[in-house]
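Chemist: dropping the sequence and predicted coords here.
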Amino acid sequence: MKNIASLNGRDIVEKIYIFTNLFLVRLWKEIAPILRRFQRFIALPYVYIFWTDWKSCTRSPLLVAIDFLYIFFVLRSFPDNYTPCKLWEKPKDEWHYYYGSNYNPYQRKALRKDVQIKEYEIVYEDKRICEDVCRAHGIPLPSYYGIIDIGSDVVEFLQSCNLNSDIKKRFIVKPMNGKGGHSILIFESNNGYIYKYYDGKFTTCDKLVADQAYIVQEFVIQDEHLSNISPSTNTVRIVTGLERSNNVLIIGAYMRFGSGATLIDNLSAGGLAVAIDLVTGRLSKIGVDRNGTEYLKHPSSNHVFERTEVPQWVEVCQLAKNIQSSISYHKLLGMDIAITKSGPVLIEINSIYDNIDLEQVCGPILKDKSVYEFYKSHNLLISKPQKNLVSFSTLKSHSAKAENQPESS
């Protein structure tokens, strides 16, 4: 007969091992943000010197240094949003409405507890798993051709996909765990030959060995209204939050456009972004690129952004809400949605999206009371100034906007 030390089939040694392992994991979760904060503190001089846009910044170097320390110690954030959001142009009490980067240590620790649990991240970040999960939930996606394994010939695989060699077909080949549009490859199959897109044109490609695993999808043909602005596949970045009531809140959205001859629209690849009015679906007056340069019109097509309507806006919002409701392992998601003639399709789900880009384009998210209440209900507010925002008379109530967010008919 087993004694009490072997309760649940475990002896005392195994129990000690399990307890010690859990203790060390929890200890690391508490220590890691402190170590990452220390690393960022050491990096402050570098950010101050090289990341600040001194050409456009109107504050003195001394005041900028004080601003950096205020952001770091009072707001408990990091000044990587100082230049993108041009904080020097705004009163200091307005800075409290900026949540800052989701990658900052205290912010990330709060998000990991309940909203963006690390163990579930693979559902969104591994493109093969995400493809399977989305199709199981009936989410519209680009046509899927399969996986190219490491060491396989990309050209040979694409030739096998286009069995009817007389029909021109384009493929987008994405790294399985890629982010930000990096290492994406675009190919065209025509008359039995495979052409690789590079530097604004397609050139013949006879052989290409995959240096990592790739997922292969159809290159989306977008709505012609968007093609007239930019030939790239221009996507809507839309950020959603799942409230405790299971209502889906649209936190913000912006349209991304490629620049020049590029076929991708990522800001990190030289694209630009324009905020979308959540109620009307119209673009704002000004677009910006990653460096903060402002545009009243697209630099290539000269299309004026102001009041341009995003096609199928109601359907885009409904698709985003359906995705957040159906695939709710993370309660805060950034989605990239393309708009085709037959309807919107999901391009990618970003489980930890870049919040600096969102606030650079759309403004501080916590100025929307409904967003503020969402962050507060999930214990995501970090600093005292943020937690006390509810008492500010200047905090706008956007409940009317929330009620008027588009629903499908």
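Modeler: Nice, I can see it. Small disclaimer: the values here were computed from a predicted structure and weren't measured.

Chemist: show me what contacts Arg244?
Modeler: Neighbouring residues of Arg244 by CB atoms under 8 Å, 6 or more residues apart in numbering: Ser377, His378. C-betas here are computed from N, CA, C, even on glycine.

Chemist: and what of Ala320?
Modeler: For Ala320, counting by CB under 8 Å, 6+ apart, the contacting residues are Ile238, Thr240, Val248, Ile250, Met335, Ile337.

Chemist: would you format those as a markdown table with distance to Lys201 and secondary structure included?
Modeler: Below are the contacts of Ala320 laid out as a markdown table (distance: CB to CB, whole Å; DSSP: H, G, I helix; E, B strand; the rest coil):
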| residue | distance to Lys201 | secondary structure |
| --- | --- | --- |
| Ile238 | 32 | strand |
| Thr240 | 37 | strand |
| Val248 | 42 | strand |
| Ile250 | 38 | strand |
| Met335 | 31 | strand |
| Ile337 | 28 | strand |
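
Chemist: ok, and the most crowded of the residues you listed?
Modeler: Ile238 (28 neighbours; other CB atoms under 10 Å).

Chemist: quick check: bridge partners of it?
Modeler: Ala253, Met335 (DSSP bridges).

Chemist: wait, doesn't it sit right on Val248?
Modeler: No: between Ile238 and Val248 there is no contact, the gap being 10.8 Å when judged by CB atoms under 8 Å.

Chemist: of the contacts of Ala320, just say which sits nearest to Trp95.
Modeler: Ile250 (23.8 Å; CB to CB).

Chemist: was I right to think that closest one contacts Val279?
Modeler: No: using CB under 8 Å, Ile250 makes no contact with Val279, being 10.2 Å away.

Chemist: quickly name whichever of the contacts of Ala320 is closest to Val64.
Modeler: Among the contacts of Ala320, and counting by CB to CB, the member closest to Val64 is Ile238, at 33.2 Å.

Chemist: what residues does the closest one make contact with?
Modeler: Ile250, Gly252, Ala253, Val316, Cys317, Ala320, Gly334, Met335, Ile337 are the contacts of Ile238 under CB under 8 Å, 6+ apart.

Chemist: what is the burial count for the fourth one?
Modeler: The reference is to Val316. By other CB under 10 Å, neighbour count at Val316 equals 26.

Chemist: please apply the same query to the one 10 residues further on.
Modeler: Neighbour count of Ser326, defined by other CB under 10 Å: 13.

Chemist: so what's the residue count around the closest residue to it other than its chain neighbours?
Modeler: Distances taken as CB to CB, 6 or more residues apart in numbering put His137 closest to Ser326, at 4.3 Å, once the chain neighbours are dropped. Using other CB under 10 Å, His137 has 12 other residues around it.

Chemist: what's the distance between His137 and Trp51?
Modeler: Remark: distance between His137 and Trp51 (CB to CB, to the nearest Å) = 40 Å.

Chemist: could you do Leu158 as well?
Modeler: Applying CB to CB to Leu158 and Trp51 gives a distance of 40 Å.

Chemist: now the closest residue to Ile221 other than its chain neighbours: phi and psi?
Modeler: The shortest distance from Ile221 to any non-neighbouring residue, by CB to CB, 6+ apart, is to Thr340 (6.3 Å). Geometry field for Thr340 lists phi and psi as phi -100, psi 170, criterion degrees, to the nearest 10.

Chemist: neighbours around Thr340, how many?
Modeler: Counted with other CB under 10 Å, Thr340 comes out at 17.

Chemist: kindly report the same for Phe78.
Modeler: 25.

Chemist: with the one 4 residues further on instead?
Modeler: Other residues within reach of Tyr82 by the criterion other CB under 10 Å amount to 23.
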